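K.L.:
Can you look at this prediction? I've put the sequence above it.
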Amino acid sequence: MRRSPGERLTLVLAIAVGMLFSIAPVLWFATIAIKSRIEITAIPPSLFPREISFEAIQAAIHRYGLMMFVKNSLIVAGSTTIVCVFVGAFAAYALARIRLRFSRALLIAILAVAMFPQISIAGPVWRILRTLGWLNTYQGLIIPYLALTLPLTVWILANFFKELPGELEEAAKVDGAGPFQTVTKVFIPLAAPGIFTAAILTFIYSWNEFFFALLIMTRRKMQTLPVGIALFPGAYTMPWGEIAAASTIATIPLIVLVVLFQRWIISGLTAGAVKG
Amino acid sequence: MKNSGELTLIIERIAKLVAWPLKRLLKSEHQSGTAEHSNPGHGNPPRANPGPPGKNRVVIRGVSKRFGKTQALSNIDLDIPEGELCVLLGPSGCGKSTLLRIIAGLEPATTGTILINGTDVTDESPGNRDIAMVFQNYAIYPHMDVFHNIAFPLKLRKVPKDEIHTRVHATAKLLQLDELLQRKPFQLSGGQRQRVAMGRAIVRRPTVFLFDEPLSNLDARLRLEMRVEIAQLHRKLGATMIYVTHDQVEAMTLADRIVVISKGCIQQIDTPEGLYTNPANLMVAGFVGTPAMNFVQGRISCPIEGKKSLFRGEGIELEVPECGPPGEAVAGIRPEHVRIDPDGAFSGKVEFIEDTGSDRYAHVKLAGGAKMVLRVSPHVTLKIDDTVPLSIDEQQAHLFVDGINVRTREQPRTRQEGPGEAGS
C-alpha cells in the first residue's frame, strides 16, 4: 500500500508525539540518574547533564541496598513466571484439548477471577498469609502473584493450543506419548510464541507490582524493587538522584527481555485473532 | 480422460517398479562394507514384528460407533491376516476413517472389540497397541528436524541412543531421506513430508500400519509416485497394513483386499479383481471402476415355459441366467462389455466422445432412452450424432434385484450387510 506524502507526514508526526509522550519521563529519569547532585536540584533544570556522574547510581547501590531489591525482585518475578507458565500450560492443554463438559464455562470463570480488583482480595490474602506465617517470605508474594497472573496465562496458552492441529496430538498419542509428554514435547515447543508472551507479561506484572508487595513484604530485606524504591525517601530527605538511578536500573531487565523476545511477543499477541 | 492418463503412468511406474529392486541390489553390492555390512543386525531394512505365522493380525468383532444420534458404524466384523494390505474404501462420510481411528484407539468404539496380534486392545491407549499411523496431513512435528521426527517414537520408548541412531538411519535410507535428516519440515516438499511420516511409522516396527488417506493432500503426479512407494514398502516390510481411501484407483492398485464401506456398513470384502468382476450390490458396482458401470433400469419378465426369462429395459434386452424372478431390476454393464457390432441387437446415438490417448470412450443414448458409456478402440472412426449398432457381452453383464447382484447372491463370495444404493 502506498501512502501520499501528506499521509506519511501525519503518520510520522503521530508516532513521534506518541513516542515522546511515553519516552520523555523515562529519559528524564535516565538523565537525572547520571547527573551530579548539584545539577539535579539546579534551577532552572538542565535537560542534558553537563557532566556525567555515577554518584547517584553508586549511592543507590551501596547506601540504599539496591542490589538486594533487585535480587528479591528477580526471585519473586522469576519464580512466578516459571511456575505460572508451567502450571498454565497444563491447565490450558486440559481446557483447550480435552473434551470436558464445562471447559468453556471454566475458561470464563478463570477470566472472571482475573477481573477481581486487587483491593477486594487484599484483606483475605493478608490474613491467610499471616496464619500460614508466610508474611515476609518469597512464597508469600509468589503465590498471590500466581493467582493474579495465571488466568491471563491460561487464556493466552489455551488460545494457542486450540489452534494447533489435532492430528499432531493424535500422532503423539500413537507414537506412545502420554498427556504429560504430549504437552512438554509437542505442545509447549509449538506454542513457543504464546509461552514467551505469557512469560513476559507475567514477568513484567510481577516485576512492577506494588500493592501486594507493600502489603506483604514489611521487612526491608525482603522488599522488591517498586516498594524498595518507593521507600527511599526518608523523613527529611528526598534522594531524587538515587530514586532515578534505581528506577533506571529496574527498567533495564524489562527492556532487555522485550527487545530479545519482541518477535515472539508480537506473533504471540496477534495469534488466534485470525485463523491462519 | 484423467484416469486413463493415470493408467499409462501406472504402467510406466510398474516398469520402474520392476527395475527398482534390481537397481537397489546393484547399489547395495557396490556399497558393501558400509553400515549394512559392518552392522548386519541393524542395517537391514526394519521389518514388522514377526509373530505367529498365518494368524489374523487384526480382528474386529461387532464394532459399532454412534456420534450422538448418528450411527457412524454398525456391527463391523473384519479379519485382517498377517502381511495383508487391506484397503477400506468408501465415499466420504461412510465411516471408513472412523473405523481406522477405532482400530488406532483414537476413538472409542460404542460396542465391539478389537484384537491386535491376538490381544484384546479395545481399552488400550493408542501407544500400547503396537500400531503406527500415517495421517492425511502428515502430522509431523514442525519443531523437530527429520531425524528427531523419526526418532520420536523410539525416544518415548526409551530405546538406547545407539540403537535409535542406527534404526533412524536405516529407515531414512529405505525412504531415501538420508540426505534430509537435518532439515526441518517446512524445508521439505509434500511428498518428503509424507515420507517422514512413514519413516516415523516404520522405525517402530509395529504389528500394524494404519494409513488415513495419506495421499489425498498430494498433487496427482506425486500421488502416483507415493502410491508405488507404499506398495514397494509393503512388499519389502511384509507388514500388515490398513489403508483408508476414497480413491478407488488407489484402492485397486494397492490392495490385497478391499473392504467397501458405505453408510457405516461393510458392503463387500474382496480382492480388487473380485470387486470389479463381481460387485455384490449396486453401491459397489457403481463405486468401483472408471468410467463407472452403466446402469439400465428395467424389468425381468415372467418366464414362458421352455424359455429363459428376459430382462427388458430402456432399449436393451438381456437373457437372464437360470434364476430370474420376475419384477423390477437394474442391469449393470461395464463400458468394456458394450461394443460396436454390425450384428448388434440394439443401437444408440453417439452424444459425446472422450479421447484419452490410450483409450476412447463414447457416450451413447440408446433408442430406449438409457445412456451408456462404452470403450471403443482409438482406431474406430466415430463422430458425434452417429447412430451405431451395439451388442452387450451378456456373460459379463450383472443384474441387480433389490440392489443385490443376482450373480453373487447365487454364489456368495463374501459377507454382505445391508442393501446397497446406486451411484453413491
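P.N.:
Cool, got the structure.
K.L.:
alpha carbons only for contacts and neighbour counts from here, please
P.N.:
Noted.
K.L.:
dump the residue contacts of residue 96.
P.N.:
Here I'm looking at chain A. Contact analysis of residue A:96 by Cα atoms under 8 Å, 6 or more residues apart in numbering or on different chains lists A:103, A:158-159, A:161-162.
K.L.:
try again with chain B
P.N.:
Going by Cα under 8 Å, 6+ apart, residue B:96 touches B:88-90, B:244, B:261, B:264.
K.L.:
and if you look at residue A:31?
P.N.:
For residue A:31, the contact set (Cα under 8 Å, 6+ apart) comprises A:47-49.
K.L.:
Now which of those residues would you call buried?
P.N.:
Neighbour-count burial (16 or more other Cα atoms under 10 Å in any protein chain shown) applied to the contacts of residue A:31 gives residue A:49.
K.L.:
Now secondary structure too, for the contacts of residue A:31, in JSON lines please.
P.N.:
Shown next, in JSON lines, are the contacts of residue A:31 (DSSP: H, G, I helix; E, B strand; the rest coil):
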{"residue": "A:47", "secondary structure": "coil"}
{"residue": "A:48", "secondary structure": "coil"}
{"residue": "A:49", "secondary structure": "coil"}
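K.L.:
Would you tell me which one of the contacts of residue A:31 comes nearest to residue A:61?
P.N.:
Nearest to residue A:61, judged by Cα to Cα, of the contacts of residue A:31 is residue A:49 at 20.7 Å.
K.L.:
Quick check: phi and psi at the closest one.
P.N.:
For residue A:49, the backbone dihedrals are phi -60, psi 140 (criterion: degrees, to the nearest 10).
K.L.:
What sits closest to it if chain neighbours are left out?
P.N.:
With Cα to Cα, 6 or more residues apart in numbering or on different chains as the criterion, residue A:49 has its nearest non-adjacent residue at 5.3 Å, and that residue is residue A:35.
K.L.:
thought the one you found was touching residue A:46?
P.N.:
No: applying Cα atoms under 8 Å as the test, residue A:35 and residue A:46 come out as separate, 9.5 Å apart.
K.L.:
Between the two, which has more neighbouring residues?
P.N.:
Higher neighbour count among residue A:35 and residue A:46: residue A:35, with 25 against 14, using other Cα atoms under 10 Å in any protein chain shown.
K.L.:
Stretch B:394-412: which residues count as buried?
P.N.:
Buried, per 16+ other Cα under 10 Å, within stretch B:394-412: B:397-408.
K.L.:
now these in TSV, with secondary structure, distance to chain A and pLDDT?
P.N.:
Below are the buried residues of stretch B:394-412 laid out as TSV (DSSP: H, G, I helix; E, B strand; the rest coil; distance: Cα to the nearest Cα, whole Å; pLDDT from 0 to 100):
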residue	secondary structure	distance to chain A	pLDDT
B:397	coil	44	86
B:398	strand	42	88
B:399	strand	44	86
B:400	strand	41	87
B:401	strand	43	85
B:402	coil	41	85
B:403	coil	38	85
B:404	strand	38	86
B:405	strand	40	85
B:406	helix	43	80
B:407	helix	43	74
B:408	helix	39	69
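K.L.:
Next one: the residue nearest to residue A:49, what pLDDT does it get?
P.N.:
pLDDT, residue A:35: 87.
K.L.:
For it, what is the enclosing helix or strand?
P.N.:
Residue A:35 is part of no helix or strand, with elements assigned from DSSP states H and E.
K.L.:
contacting residues for it?
P.N.:
Residues in contact with residue A:35 (Cα under 8 Å, 6+ apart) are A:49-54, A:56, A:241.
K.L.:
Count the residues that sit near the closest residue to residue B:271 other than its chain neighbours.
P.N.:
Spatial nearest neighbour of residue B:271, excluding adjacent residues (Cα to Cα, 6+ apart): residue B:257 at 4.3 Å. Residues near residue B:257, counting by other Cα under 10 Å, number 22.
K.L.:
can you pull the pLDDT of the residue of the stretch 101-250 of chain A found nearest chain B?
P.N.:
Minimum separation of the stretch 101-250 of chain A from chain B (Cα to the nearest Cα) falls at residue A:176, amounting to 3.8 Å. Listed pLDDT for residue A:176 reads 90.
K.L.:
That one: what's it in contact with?
P.N.:
Residue A:176 neighbours (Cα under 8 Å, 6+ apart): B:126-128, B:153, B:156-157.
K.L.:
what ranges of the stretch 151-276 of chain A fall below the confidence cut-off?
P.N.:
A:265-276 (pLDDT under 70).
K.L.:
Show me which residues of it sit near chain B.
P.N.:
Taking Cα under 8 Å from any Cα of the partner chain as the contact definition, the stretch 151-276 of chain A meets chain B at A:167-168, A:170-171, A:173-177, A:186, A:189-190.
K.L.:
Give me the most central residue, the chain.
P.N.:
Here I'm looking at chain A. For chain A, residue A:204 is the residue whose C-alpha lies nearest the centre (Cα atoms, centre = their mean; 1.1 Å).
K.L.:
right idea, wrong chain: chain B
P.N.:
residue B:251 (1.5 Å).
K.L.:
Then that one would be within a strand, right?
P.N.:
No: going by three-state DSSP, the assignment for residue B:251 is helix, not a strand.
K.L.:
Please give me every residue in contact with it.
P.N.:
By Cα under 8 Å, 6+ apart, residue B:251 lies in contact with B:87-89, B:245, B:258, B:272.
K.L.:
ok, the buried residues of stretch B:394-412 vs residue A:225, which is closest?
P.N.:
Among the buried residues of stretch B:394-412, and counting by Cα to Cα, the member closest to residue A:225 is residue B:403, at 81.9 Å.
K.L.:
which phi and psi does that closest one have?
P.N.:
phi 80, psi -10.
K.L.:
for residue B:216, same thing?
P.N.:
Phi and psi for residue B:216, reported as degrees, to the nearest 10, are phi -70, psi -10.
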